[in-house]
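Engineer: quick one, what's the 3D model for this:
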Amino acid sequence: MTTKASLRAEISQGRKQLSAADREQARVQIRRQVLAWCRSADLPTGARIAAYEPLMSEPGSIELLVELRQAGFEVIVPMTQPDRDLDWGEWTPTRQARQPLGLDAIAGAALVLVPALAVDAAGRRLGRGGGSYDRALARVAPGTPVAALLFSGELRPEVPHDEWDRPVSAVFLPEGRRELSS
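Structural biologist: So this is what the prediction gives:
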């Protein structure tokens, strides 16, 4: 089986090879998928969605955060602590100083969107290797949808994992949402 380090390098290289236009098109499609799912799931106005501010190479987008807020959701994003655990703060487009809501703020989320480099059919998620999200996902309420945002080709047959890795229940890809058997 591939090691975590080699799969991280492979996915990262693949992401670097995406053209800006292809990356943007994928982000638009993923944004549409997430917003359509939120509507179909009848998430109530004001529901909390835990998300993240993406790196330039990631499939998430600031536009997704903007549109989630415009749809009436409370959007919270992580604030990495010195021990690499995640506190949470309300996201606003003005990037004003965020007030910490506490490590347990994610427990009140109706949907959790997480970054990932790859995910497999069992929901095993390969992140960047710091363990921050595995700790945070331990605080998510049972039954809460946890979805990774991926580019095409990043849903893999198998992802290397450890016993402490927390699974996701779904992925959003440009081509649609897939439920996983976590």
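Engineer: return the residues in contact with Thr92.
Structural biologist: Counting by C-beta atoms under 8 Å, 6 or more residues apart in numbering, Thr92 makes contact with Arg69. In short, each C-beta sits where N, CA and C put it, glycine included.
Engineer: just the buried residues of the lengthiest strand in the chain, please?
Structural biologist: Using DSSP state E, we find that the single longest strand of the chain is strand 74-80. For strand 74-80, burial by neighbour count (16 or more other C-beta atoms under 10 Å) applies to 74-79.
Engineer: and which of those is nearest to Ala105?
Structural biologist: Taking C-beta to C-beta as the measure, Ala105 lies nearest Ile76 of those, at 5.8 Å.
Engineer: can you pull out the helices in the protein?
Structural biologist: With DSSP state H as the criterion, the chain has helices at 4-17, 20-40, 62-70, 132-137.
Engineer: which one of the ones you listed lies closest to Glu53?
Structural biologist: Per C-beta to C-beta, nearest to Glu53 of these: helix 62-70, 6.9 Å.
Engineer: ok, Gly89 - how many residues close by?
Structural biologist: 17 (other C-beta atoms under 10 Å).
Engineer: could you measure from it over to Arg156?
Structural biologist: Per C-beta to C-beta, to the nearest Å, Gly89 is found 32 Å from Arg156.
Engineer: repeat that for Gly130.
Structural biologist: Applying C-beta to C-beta to Gly130 and Arg156 gives a distance of 20 Å.
Engineer: more neighbours: which of these two?
Structural biologist: Arg156 (19 against 12).
Engineer: how about the contacts made by that one?
Structural biologist: 7, 118-120.
Engineer: what sits against the residue nearest to Gly176 when sequence neighbours are not counted?
Structural biologist: Of all residues not flanking Gly176 in the chain, Gln33 sits nearest, at 6.1 Å (C-beta to C-beta, 6 or more residues apart in numbering). Going by C-beta under 8 Å, 6+ apart, Gln33 touches 172-174, 176-177.
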